[in-house]
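Chemist: attaching a predicted model along with its sequence, questions to come.
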Amino acid sequence: MSIFKKNGIKVLKQTKPNTCGGTDATLDTNAPTEIKSKEMILFDVFSALNPPRELWQSRDEVLGFVAAFAAKTTGGTFMFLDKRDGYKRESKSGWAIVKEDVMPCLCELVRECDIVKYNGFHSKTHGLPENFGGDIDVRYEGGENISISDNQSPVLRYETGVKIAELFDDKMKGEKVKLPDVSSLMSIVFEEKRKNGGYTHATLSLNEDGTGKNVKACRYDDPTVFESTKPVEAEIIEKIKETITKSGILGWSCLPESSYSFISDKYLTFIFKDADSITVKGNKITPDRLHGGFFNIELEMTTKH
């Protein structure tokens, strides 16, 4: 039974103050139960799965967890899939940018599997050692969205999780969008513009011998500008290139942006020998497993060097 309702948010469960543990649960009664738009811009879901008992008994491969991300990007669709076997808990993950527009297929999957059914439901059980449930974030042109979360119970039926994994497995085998080769990278520029007028600007130039040079300028609350020029070892340059490759950050530029308000705007610009450049803003929505790519490069350029 709901406790109260405010601005369309119905409180289903609420932890008492100073109580250890317990569950907080709400339902957004304004969340749509039917999606009219056919233009999806973001598909971002992860969920533990409860396989039927007969599958456990058969000892065949059983899917125990799935995380899938898809969004339009330059020249195609950025896709990420992480799936875990229910027995061994071994995780297999990877990303790809395919030329096909996969979003219409995902629109159809969402409709067929009735993922919108529990739209607006959010539940958090305090004190759990890990997320035993999942999260759904699906967005459409025009502002319609599906938002569901529960850290105690799966947010997807087993059959839906399997369909998602199969669709991503299939589509990620398609023709890929070609990204610039990191071997032709000449420099990386990091920029941070803070709302108080402060800034950080760093340029990492790559040398022919594999080393680099990082030139940095920072200003905080006062007019003083702090400047530094430091050499960067070849091992660090290789580490940064590996981060670029593993995170797929060169394909992030057109991904959706977070609606959260940040105290500063951050940008990374990658400049290549053929004069091409790619600029990525720091507030892009990306798969959780890849999101640290931006921060790791920022850390090397602004804190460590």
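Modeler: Perfect, I can see it now. Given the structure is predicted, the values throughout are model-derived calculations rather than measurements. Residues are numbered from 1 along each chain as shown.
Chemist: reduced to three states, what does V116 come out as?
Modeler: Three-state assignment for V116 (DSSP: H, G, I helix; E, B strand; the rest coil): helix.
Chemist: so it touches C107, yeah?
Modeler: No: here V116 does not reach C107: they are 11.3 Å apart, not a contact under Cβ atoms under 8 Å. To be clear about C-beta, it is placed using only N, CA and C from the backbone, and glycine gets the same treatment.
Chemist: list the buried residues in the helix or strand that contains I297.
Modeler: Taking DSSP states H and E as the definition, I297 sits inside helix 292-299. Across helix 292-299, burial judged by 16 or more other Cβ atoms under 10 Å covers 293-294, 296-298.
Chemist: residues in contact with that helix?
Modeler: Residues outside helix 292-299 that contact it (Cβ atoms under 8 Å, 6 or more residues apart in numbering) are 188, 190, 240, 243-244, 246-249, 252, 266, 268, 280, 282, 284, 286.
Chemist: narrow these to those that are buried.
Modeler: Judged by 16+ other Cβ under 10 Å, buried ones among the contacts of helix 292-299: 188, 190, 240, 243-244, 247-249, 252, 266, 268, 280, 282, 284, 286.
Chemist: out of these, name the ones that lie in helices.
Modeler: 240, 243-244, 247 (DSSP state H).
Chemist: now, among those residues, which is nearest to N145?
Modeler: Taking Cβ to Cβ as the measure, S247 is the one of these closest to N145, at 25.5 Å.
Chemist: can you pull the pLDDT of the closest one?
Modeler: Looking at S247, its pLDDT is 96.
Chemist: what's the answer for G21, then?
Modeler: 79.
Chemist: which helix or strand contains it?
Modeler: Going by DSSP H and E, G21 is not in any helix or strand.
Chemist: spatially nearest residue to it (excluding sequence neighbours)?
Modeler: G127 (4.6 Å; Cβ to Cβ, 6 or more residues apart in numbering).
Chemist: any idea how far the one you found is from C20?
Modeler: 7 Å (Cβ to Cβ, to the nearest Å).
Chemist: next one: H291
Modeler: Distance of H291 to C20, computed by Cβ to Cβ: 31 Å.
Chemist: so which of those two has more stuff around it?
Modeler: H291 (14 against 7; other Cβ atoms under 10 Å).
Chemist: burial of R194, as a residue count?
Modeler: Residue neighbour count, defined by other Cβ under 10 Å, stands at 16 for R194.
Chemist: which residues touch the closest residue to it other than its chain neighbours?
Modeler: Leaving aside its chain neighbours, R194 sits nearest to S264 (4.2 Å; criterion: Cβ to Cβ, 6+ apart). With contacts defined as Cβ under 8 Å, 6+ apart, the neighbours of S264 are 192-195.
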